[in-house]
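Student: sequence-free structure coming up:
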């Protein structure tokens, strides 16, 4: 149905958008890879649009960051605290694998056996995903600070 008045067309599009919002959301979730592939191909074949699109996204992110700076700061602090609580509870539940100490989480460390991708403390401060932190924690052994120092001393003395 062609529209002679652009305002009528805009109203119809808005109405359709709102009526089918949930359907579009489900479609987007189920076809994420397909949509991203199409977007990459489209932007690769239209460099002028890619440049404009990239610039618009950058400007939007800057505006958003400025407008929500304090809100994001509070959210990051909450997330950091939540991650730290999770890590501390994990350490207390495991206790030191050498001597059995489990009174204060702050006195327990993660000892990496093998290669480490990152330290658990850094992960909490950077607010990495819980899944990624859990994966790294499973590759570690929980030991108290004293036993941890002894483990490293013995390792370096045996070299």
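Tutor: Alright, I've got the coordinates. Given the structure is predicted, the values throughout are model-derived calculations rather than measurements.
Student: So what's the model's average confidence on the helix or strand harbouring residue 142?
Tutor: Using DSSP states H and E, residue 142 sits in strand 140-144. The predicted model gives strand 140-144 an average pLDDT of 92.
Student: Next SSE downstream of the one helix or strand residue 91 maps to?
Tutor: Under the criterion of DSSP H and E, residue 91 resides in helix 69-94. The C-terminal neighbour of helix 69-94 among helices and strands, as given by DSSP H and E, is strand 108-112.
Student: Quick check: can you name the pairing partners of that next one and their directions?
Tutor: If you go by DSSP bridges, strand 108-112 pairs up with strand 140-144 (antiparallel).
Student: Now do the lowest-mean-pLDDT helix or strand in the chain against strand 140-144, angle only.
Tutor: Every helix and strand in the chain was compared by mean pLDDT, DSSP states H and E; the lowest is helix 145-157, with a mean of 81. Orientation check (axes from the mean of the first three to the mean of the last three CA atoms, to 10 degrees): helix 145-157 against strand 140-144 gives 120 degrees.
Student: circling back: what angle do the strand holding residue 142 and helix 69-94 make?
Tutor: 80 degrees.
Student: Please state the offset of strand 140-144 from the chain centre?
Tutor: 25 Å (CA atoms, centre = their mean, to the nearest Å).
Student: Assess the claim that residue 102 and residue 88 are in contact.
Tutor: No. At 11.1 Å, residue 102 and residue 88 do not qualify as touching, with contact defined as CB atoms under 8 Å. Where you see a C-beta, it was placed from the backbone N, CA and C, and this is true even at glycine.
Student: How far off centre is the helix holding residue 91?
Tutor: Distance, centroid of helix 69-94 to centroid of chain: 13 Å (CA atoms, centre = their mean).
Student: tell me which residues of it are tucked away?
Tutor: 83, 87, 90-91, 94 (16 or more other CB atoms under 10 Å).
Student: what helices or strands is that helix leaning on?
Tutor: Packing partners of helix 69-94 (3 or more CB pairs under 8 Å, 6 or more residues apart in numbering; DSSP states H and E): strand 108-112, helix 120-125, helix 130-138, strand 140-144.
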